[in-house]
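Enquirer: curious how this folds, go ahead:
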Amino acid sequence: MELGKTGISVPAMIIGTSSLGNLYEARPYGHKLELVLAALECFPEGAVFDSAGKYGAGMALEVLGQALFDLKVPKSKVLISNKLGWKRASLSGSEPTFERDVWKDLTHDAVQDISYQGILACFEEGNALLKGYESQLVSIHDPDEYLDLATSSEDYERRFEDILEGYAALDELKQAGKVKAIGVGSKDWKVIRKIYQHFPLDWVMIANSMTIYDHPVELFEFMRLLEKEGVGIVNSAVFHSGFLVGGDYFDYQKMNSNDPVFNERFLWRRKFFALCEGHAIDPAHACIQFALLLPGVNSLALNSTSMHRIRANAEFCTTPIPDSFWDACKEQGLIAKYLSEFNLNQTR
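Expert: From the prediction side, this is the model:
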């Protein structure tokens with residue numbers, strides 16, 4: 001499938017690499033090498049990897065490059081997406097200063113640098129860490145978090161200008177033939193919409209925003225617009241950091257019983273698991289198919305620490321789910337009523 005109008009062919013599943021950067025748990029290089037190999041075996045015609053300087057403060061990029069090198073993967077058989085905006089920094093203490101308690105056993109810290117020069121520096125650093133491989137899909141990572149740091153409306157506007165300057169840098173890279181397509185990766189989809197109003201994005205990556213658990217109608221309509229205008233869509237974090245498949249984290253935060261939505265989320269998951277069990281459907285399969293069948297979605301970015309799960313997820317991406325399951329989801333209130341008019345069992 002093509003990523004929007006870019007002319008770039010992507011499989012239904014893009015391989016997320018945050019686990020290569022020790023997300024939640026540190027794992028040995030040999031295990032990470034096996035994960036990369038499993039992904040390559042799932043997509044022998046060409047695998048797409050999604051990474052970022054933020055993942056493990058560059059560790060994910062470094063491990064990915066080393067693994068591709070050790071496996072002697074031809075550059076023509078791999079496409080790498082690098083979300084830019086975070087650069088390596090020296091680790092001053094035992095823990096990094098960004099996203100505390102999320103990344104384990106890091107040897108570097110990371111700092112956000114969204115600006116014209118900062119984005120160019122992130123691009124060069126990323127390619128250096130990839131050990132001879134190069135990113136061809138580029139985007140600005142977490143512009144929503146950068147804007148959230150604004151201390152006033154004036155500071156917010158200044159920060160948004162920094163983001164647009166970053167896109168001017170990416171446009172120069174594209175015009176020079178150094179990259180193939182420009183996108184954005186954000187957890188707040190409204191920031192994606194705001195950027196798109198100012199810059200003609202080739203593709204977008206929506207994270208934690210359009211899932212079987214949470215699928216706002218306003219975002220649904222925005223995705224329809226992107227589809228109409230030929231902008232590629234990659235749906236990411238469709239398990240809400242693993243919570244929807246049994247994990248303890250929700251959107252990168254460990255669930256806390258004092259959280260006012262704690263009971264609501266667990267109740268939804270219990271009903272979801274019971275329905276999946278009754279229909280003999282893996283919860284991950286349901287999450288994947290729902291996220292993949294929405295308007296304009298070309299691919300999912302999925303991350304795993306299991307070779308088995310990588311293979312299973314790849315299969316889930318191409319295996320439809322019976323209409324009876326989606327009908328039951330609607331009847332039990334697990335998915336929004338407005339989707340009754342949208343076919344959740346389209347063929348890809």
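
Enquirer: okay, and for the stretch 201-348 of the chain, where does confidence drop off?
Expert: Applying pLDDT under 70 to the stretch 201-348 of the chain picks out residues 341, 343-348.

Enquirer: do a quick rundown of the strands in it.
Expert: Taking DSSP state E, counting those that start in this stretch to define them, one finds strands in the stretch 201-348 of the chain at 203-207, 232-236, 249-250, 253-254, 297-302.

Enquirer: neighbouring contacts of the fourth one?
Expert: Strand 253-254 is touched from outside by 101, 241, 248, with contacts defined as CB atoms under 8 Å, 6 or more residues apart in numbering. (C-beta placed from N, C-alpha, C; glycine too.)

Enquirer: so how do I select the buried members of these in PyMOL?
Expert: When burial is assessed using 16 or more other CB atoms under 10 Å, the buried subset of the contacts of strand 253-254 is captured in PyMOL by this command:
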select buried, resi 241
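
Enquirer: nearest to residue 185, out of the contacts of strand 253-254: which one, please.
Expert: Closest approach between the contacts of strand 253-254 and residue 185, by CB to CB: residue 241, at 15.2 Å.

Enquirer: list the buried ones in stretch 75-82?
Expert: By neighbour count, with 16+ other CB under 10 Å as the criterion, the buried positions of stretch 75-82 are 78-82.

Enquirer: to clarify, my last question referred to stretch 154-163.
Expert: Burial within stretch 154-163, assessed by neighbour count using 16+ other CB under 10 Å, is assigned to 159-160, 162-163.

Enquirer: give the contact list for the closest residue in space to residue 340 that isn't next to it in sequence.
Expert: With CB to CB, 6 or more residues apart in numbering as the criterion, residue 340 has its nearest non-adjacent residue at 6.0 Å, and that residue is residue 330. When contacts are counted by CB under 8 Å, 6+ apart, residue 330 is found next to 337, 339-340.

Enquirer: just give me the closest of these to residue 47.
Expert: residue 339 (31.3 Å).

Enquirer: coming back round to it: same list (the contacts of strand 253-254) but as TSV, adding distance to residue 196.
Expert: Putting these into TSV (distance: CB to CB, whole Å) gives the following:
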residue	distance to residue 196
101	33
241	25
248	34
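
Enquirer: where do the helices sit along this structure?
Expert: Taking DSSP state H as the criterion, the chain carries its helices at 29-42, 59-70, 116-129, 143-148, 153-175, 189-196, 217-228, 262-278, 283-292, 307-317, 323-331.

Enquirer: would you turn the ones you listed into TSV with distance to residue 205?
Expert: Formatted as TSV, the entries for these read as follows, by distance: least, CB to CB, whole Å:
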stretch	distance to residue 205
helix 29-42	18
helix 59-70	15
helix 116-129	16
helix 143-148	12
helix 153-175	14
helix 189-196	8
helix 217-228	12
helix 262-278	24
helix 283-292	12
helix 307-317	16
helix 323-331	25
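
Enquirer: select, out of those helices, the one closest to residue 137.
Expert: The closest of the helices of the chain to residue 137 is helix 153-175. By CB to CB, the value is 10.6 Å.

Enquirer: show me how far that closest one is from its chain's centre.
Expert: Relative to the centre of its chain, helix 153-175 is centred 21 Å away, using CA atoms, centre = their mean, to the nearest Å.
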